[in-house]
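A.B. asks: generate a structure from the sequence data that follows.
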Amino acid sequence: VSGKCEHGVISIDGAKAARICEVDLEMDYTGRAPIKFIPIGQTVTAVVFHKSSNTYLVSTFEEVPFNYVDEEGNEVAGTEKDMEKALTYKGYIKLISPINWSVIDVFELEETDIATSLNILKLNVVDSASGNRGLSKEFIGVGTGSHRTEDTSTTGSWKIFDIISVVPEVDRPEANHKLK
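C.D. replies: Okay, the predicted model is just below:
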């Protein structure tokens, strides 16, 4: 439209008011709603928004070499060490700042564990210092599944996280929250 609005659109509404808007070229406008692609580097399985910290949580996984051990962590007899290792999955929970869409904290799940669910849980808490009851607080609930081999049982667990405020690093002001 002009030098100040390089990728702009002009619209005129029913009241004959003209509006000039700049189009964000990082967005994809081909669908019903604009979409911005954020490279995470791993396969994403779930995304949730944590309202009180204004951050996003993303569960991801990647393929890693499989260490064939029994349920006690001992190497299984008969395993050939010179063979190429099979692949398994390792999961992660990532905390992302919408300020610049960078990952500001990561929680690594155990090897062969992936997140099967990721939810925001609103729980009533008691403040032990003041004795106040009934304060509602957002926590993060993560259900995990451990998928190993057909010879071992599939197990899982629940993990509960809180997002806390921290003093950010000087060169990363958006990193003012951590998973706890």
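
A.B. asks: quick one: low-confidence ranges for the protein?
C.D. replies: Applying pLDDT under 70 to the chain picks out residues 1-3, 131, 134.

A.B. asks: okay, which residue is most central for the chain?
C.D. replies: Nearest to the geometric centre of the chain sits V58, at 1.5 Å (CA atoms, centre = their mean).

A.B. asks: in three-state terms, label that one for me.
C.D. replies: Assigned with DSSP: H, G, I helix; E, B strand; the rest coil, V58 falls in the strand class.

A.B. asks: mind listing what it touches?
C.D. replies: For V58, the contact set (CB atoms under 8 Å, 6 or more residues apart in numbering) comprises I40, V44, A46, V47, I93, K94, I96. Heads up, the C-betas are built off the backbone N, CA and C, glycines and all.

A.B. asks: likewise for V47?
C.D. replies: Listed by CB under 8 Å, 6+ apart, the contact partners of V47 are Y56, L57, V58, L118.

A.B. asks: give the bridge partners for the second one, please.
C.D. replies: Using DSSP bridges, the bridge partners assigned to L57 are V48, L95.

A.B. asks: tell me how far it lies from V76.
C.D. replies: According to CB to CB, to the nearest Å, L57 stands 35 Å off from V76.

A.B. asks: can you list contacts of stretch 108-128?
C.D. replies: So stretch 108-128 is contacted by 45-51, 57, 59, 61, 64, 66-67, 88-93, 132-148, 156, 160 (CB under 8 Å, 6+ apart).

A.B. asks: what subset of those residues is buried?
C.D. replies: Buried subset of these (neighbour count, 16 or more other CB atoms under 10 Å): 48, 50, 57, 59, 61, 66, 88-93, 139-140, 142, 144-146, 148.

A.B. asks: adjacent strands (with direction) for the helix or strand where I10 lies?
C.D. replies: Here I10, judged by DSSP states H and E, is contained in strand 8-12. Strand pairing for strand 8-12, determined by DSSP bridges: strand 18-22 (antiparallel).

A.B. asks: give me the contact list for the strand it pairs with.
C.D. replies: The contact list for strand 18-22, computed with CB under 8 Å, 6+ apart, reads V1, C5, E6, H7, G8, V9, I10, S11, I12, D13.

A.B. asks: closest one of those to V23?
C.D. replies: Nearest to V23, judged by CB to CB, of the contacts of strand 18-22 is H7 at 4.7 Å.

A.B. asks: can I assume that closest one is in contact with V23?
C.D. replies: Yes: contact status for H7 versus V23: in contact at 4.7 Å, counting by CB atoms under 8 Å.

A.B. asks: which one of those two has more residues nearby?
C.D. replies: V23 (13 against 10; other CB atoms under 10 Å).

A.B. asks: which residues does that one contact?
C.D. replies: By CB under 8 Å, 6+ apart, V23 lies in contact with H7, G8, V9, Y29.
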